[in-house]
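A.B. asks: Based on what follows, work out the 3D shape:
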Amino acid sequence: MAALSDEVKQFIVQALACYDSPSQVAEDVIANFGTQVPRQQVETYDPSRRAGRALSVKWRALFEATRTQWRKELAEIPIANRVTRLRALNRLAVLAERKGNCGLALEILEQAAKEVGGMYERRPGACPAVEANVDRPAPMRAITAAEYMLANPGHEAMADRSFDR
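C.D. replies: Numbering: from 1, shown residues only. Just a heads-up that it's a prediction; the model follows:
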């Protein structure tokens, strides 16, 4: 493992706290500091992973502070808010309809429906019908020729008919 300065360690911890992958962080360290750091070594600076379980208190505190700040800033970005996205989609749908672009308007409406329906969120209980196994068809099974003949009594007569006219 490469010996890293505190400046490089701080960069790694803060990048990992912002959900950058260890591979991406390793590439960024090379680009910013000219230091080759293996991905496995980068991963040891992430206390949320098993490899980082022995991370010192100093770096663990920096990681938590950076992640908290990152989440707070994310909430301040307008496009990250569902209401903002829906308002923008509404404006686009109205504009597309005015311009006579019905196809685009329908795509925008579909996007809005997905947004409202929570399609882009991972929530337990988001679709209770699926979880309760409601409205699922019975599993299909192969049937025998005798069962088919019983269910379709006129099938022999249909087989003798010619549909060429």
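
A.B. asks: hmm, who's touching the longest helix seen in the chain?
C.D. replies: Once the chain is assigned using DSSP state H, the helix that runs over the most residues is helix 57-76. Residues outside helix 57-76 that contact it (CB atoms under 8 Å, 6 or more residues apart in numbering) are 9-10, 13-14, 16-19, 45-48, 55, 80-81. Where C-beta positions appear, they are placed from N, C-alpha and C, glycine not excepted.

A.B. asks: Send me stretch 104-111 as CSV with only the CA atoms.
C.D. replies: Taking C-alpha atoms only, stretch 104-111 is exported to CSV below (Å, rounded to 0.1, in the frame of the first residue of the first chain):
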residue,chain,number,x,y,z
LEU,A,104,-44.0,14.4,-26.8
ALA,A,105,-46.9,15.5,-24.6
LEU,A,106,-47.9,11.9,-24.0
GLU,A,107,-44.3,10.9,-23.2
ILE,A,108,-44.1,13.8,-20.7
LEU,A,109,-47.4,12.7,-19.1
GLU,A,110,-46.1,9.2,-18.8
GLN,A,111,-42.9,10.5,-17.2
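
A.B. asks: buried stuff in that stretch?
C.D. replies: 105, 108-109, 111 (16 or more other CB atoms under 10 Å).

A.B. asks: From the chain's centroid, how far away is stretch 32-42?
C.D. replies: Distance, stretch centre to chain centre, for stretch 32-42: 28 Å (CA atoms, centre = their mean, to the nearest Å).

A.B. asks: so for it, what's the average pLDDT?
C.D. replies: For stretch 32-42, mean pLDDT is 92.

A.B. asks: How far does that stretch stretch from one end to the other?
C.D. replies: 15 Å (CA to CA, to the nearest Å).

A.B. asks: Many thanks, I have nothing further to ask.
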